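>>> Okay, structure incoming, though there's no sequence with it:
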Ligand code: PMP
């Protein structure tokens, strides 16, 4: 049995959900990689700020000053979470996608990306060059070096942990290689940040992006942290109030980052919530808990006939609690609908916004993804393994069909 005291800090851990036969069961959430339920520390931080609901950086009233202070404290807390350096700036955005699109507008040259990326890291760049991760990421990364030397790039953009397989990339090595080739490196940490501490100074990472909603905070807030020079040199992301230091009808003097790229009234509650999650996660060491549960899940599923795992690299140095698999003879949507309807288990199915990777792994029609988080227990894992085993064993008596784009019993 694997237990972890921090589980009780996750809201929604005792949710009851209806089954197709009319019963209800405790929800087993295996979809943390999509969005993770809020930590109690996060809901507390939001509740504490709500009485001071006021616009930041604009009002002289007391509530406005409290909100402004909370917003700037949140910025500092995020910086501490990733060990930001003096030259770095923390910009609040809507989510990881927004952060990477912002950075894409600031890159002074080509960006090299891997073919395993989530679309948020794959798509935003002007002057984008895609290389095969399987061919380039190894002990020496010689092919990557050759690519970066053959035609200089300004940026290498990589995921910290794959949202499909959970495999963690060798970030320190990639940062060193990028720098040796005259490029900077940006890490999409949407899936890494919820599971590992990220020290960008120690890793040598220039930019990091992640989302609050995958970090046990609500939707609508994300961050981009990194060297301010590119951000200060680029056009404002959103032109408008807050992004300027002075405006005349015929001349605009833009502010420096972060204000330069935070035009309009910011999402103060989202930023405070995200920062509260960073602070709470910074005090937890959940990796042992998650590693043990991930092993339990993999071992259990590996014993079920017809189950195959998705995997990018032959040698994986580290991985987070994300397990994607297929079940012979069953479409992924069918498996996911069955787990929900008959067992109250929430997984994700599909192509996980990483279509090129799924095609490369030979499963262009998708797979099932089970992801583990702070609220996951060994009982949940046993339920999931037992349910997949029962499906393969022919226990399910319901017929499943795709209606309105979804699989339903
Ligand atoms: N990168 C990765 C690795 C992700 O898993 C996700 C979310 N699925 C994103 C980027 C995009 O995050 P968001 O939808 O919050 O912008």
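Thanks, I have the structure now. Being a predicted model, the structure only gives us computed values, none of them experimental.
>>> Hmm, residue 102 is touching residue 93, no?
Yes - counting by C-beta atoms under 8 Å, residue 102 touches residue 93, with 6.0 Å between them. Heads up, the C-betas are built off the backbone N, CA and C, glycines and all.
>>> For these two, indicate the residue with more neighbours.
Summary of the neighbour comparison: residue 102 and residue 93, criterion other C-beta atoms under 10 Å, with residue 93 having more neighbours (29 against 25).
>>> Now do the contacts for the more buried one.
The neighbourhood of residue 93, defined by C-beta atoms under 8 Å, 6 or more residues apart in numbering, consists of 99, 102, 209, 221, 222, 223, 224, 261.
>>> Per-residue pLDDT of it, please?
Taken from the predicted model, the pLDDT recorded for residue 93 is 98.
>>> heads up, I number from 3, so please use that
I'll keep to 3 as the first residue from here, and by that count the last item is residue 95.
>>> so what's it bridging to?
Beta-bridge partners for residue 95, by DSSP bridges, are residue 224.
>>> Closest residue of the stretch 303-411 of the chain to the ligand?
Proximity of the stretch 303-411 of the chain to the ligand (C-beta to the nearest ligand atom) peaks at residue 355, 5.6 Å away.
>>> Quick check: that residue vs residue 140, distance?
Here residue 355 is placed at a distance of 26 Å from residue 140 (C-beta to C-beta, to the nearest Å).
>>> Likewise for residue 341?
Using C-beta to C-beta, we find residue 341 at a distance of 36 Å from residue 140.
>>> The two: which has the busier surroundings?
Between residue 341 and residue 140, residue 341 has the larger neighbour count (other C-beta under 10 Å), namely 23 against 16.
>>> Just say helix, strand or coil for the more buried one.
The assignment at residue 341 comes out as helix when based on DSSP: H, G, I helix; E, B strand; the rest coil.
>>> and what of residue 56?
Each residue gets one of three states, and residue 56 gets coil by three-state DSSP.
>>> Ramachandran angles for it?
Note on residue 56: its backbone torsions stand at phi -160, psi 160 [degrees, to the nearest 10].
>>> follow-up on the earlier one: shared neighbours of residue 104 and residue 95, which are they?
When contacts are counted by C-beta under 8 Å, 6+ apart, the set common to residue 104 and residue 95 consists of 226, 263.
>>> Need phi/psi at residue 235.
Reported as degrees, to the nearest 10, the phi and psi values for residue 235 are phi -80, psi -20.
>>> right, I mislabeled it, should have said residue 113
The phi/psi pair for residue 113 (degrees, to the nearest 10) is phi -120, psi 130.
>>> Surely the residue of the stretch 303-411 of the chain closest to the ligand forms part of a helix?
No - counting by three-state DSSP, residue 355 is not part of a helix but coil.
>>> What is the burial count for residue 211?
Applying other C-beta under 10 Å, we find 30 other residues in the vicinity of residue 211.
>>> How about residue 165?
By other C-beta under 10 Å, neighbour count at residue 165 equals 28.
>>> so it sits right up against residue 121, yeah?
No - counting by C-beta under 8 Å, residue 121 is not a contact partner of residue 165; they are 10.1 Å apart.
>>> so residue 227 sits in a strand?
Yes - Residue 227 sits within a strand when classified using three-state DSSP.
>>> Check what pLDDT it gets.
On pLDDT, residue 227 comes in at 98.
>>> need the contact list for it.
Residue 227 makes contact with 80, 81, 84, 86, 90, 91, 92, 93, 202, 209, 210, 211 under the criterion C-beta under 8 Å, 6+ apart.
>>> Now with 6 Å, please.
With contact taken as C-beta atoms under 6 Å, 6 or more residues apart in numbering, residue 227 is in contact with 84, 86, 90, 92, 210.
>>> From the ligand, how far off is the first one?
With distances taken as C-beta to the nearest ligand atom, to the nearest Å, residue 84 is found 16 Å from the ligand.
>>> cool, and residue 90?
Separation of residue 90 from the ligand (C-beta to the nearest ligand atom): 20 Å.
>>> okay, now that residue: neighbour count?
Neighbour count of residue 90, defined by other C-beta under 10 Å: 20.
>>> next one: residue 243
Other residues within reach of residue 243, judged by other C-beta under 10 Å, total 12.
>>> Report the contact partners of it.
Residue 243 makes contact with no residue, according to C-beta under 6 Å, 6+ apart.
>>> The host helix or strand of residue 159 near the ligand at all?
Element membership of residue 159, judged by DSSP states H and E, is strand 157-161. Yes - part of strand 157-161 sits close enough to the ligand to count as contact by C-beta under 6 Å from any ligand atom, namely residue 161.
>>> quick check: mean pLDDT across that strand?
Within the predicted structure, the mean pLDDT of strand 157-161 is 98.
>>> between the helix or strand following that strand and strand 157-161, how many degrees?
Per DSSP H and E, the first helix or strand lying C-terminal to strand 157-161 is helix 173-182. Here helix 173-182 runs at an angle of 170 degrees relative to strand 157-161 (axes from the mean of the first three to the mean of the last three C-alpha atoms, to 10 degrees).
>>> can you map out the strands along the stretch 303-411 of the chain?
Assignment of strands within the stretch 303-411 of the chain using DSSP state E, counting those that start in this stretch yields the ranges 309-311, 324-329, 347-348, 350-352, 369-373, 403-405, 408-410.
>>> Return the set of buried residues in the first one.
Translated: strand 309-311. When neighbours are counted by 16 or more other C-beta atoms under 10 Å, the buried residues of strand 309-311 are found to be residue 309.
>>> Report the mean confidence score over it.
Averaging pLDDT residue by residue across strand 309-311 gives 98.
>>> do the longest one as well
Mean pLDDT, taken over the full extent of strand 324-329, equals 98.
>>> from the middle of its chain, how far away would it be?
Relative to its chain's centre, strand 324-329 lies at 18 Å (C-alpha atoms, centre = their mean, to the nearest Å).
>>> Any buried residues in that strand, and which?
For strand 324-329, a neighbour-count test (16+ other C-beta under 10 Å) marks 324, 325, 326, 327, 328, 329 as buried.
>>> on that earlier part again, what separation do you get for the residue of the stretch 303-411 of the chain closest to the ligand and residue 38?
The gap separating residue 355 from residue 38 is 17 Å, by C-beta to C-beta.
>>> higher neighbour count, these two?
More neighbours sit around residue 38 than around the other of residue 355 and residue 38, counting by other C-beta under 10 Å; the figures are 24 against 17.
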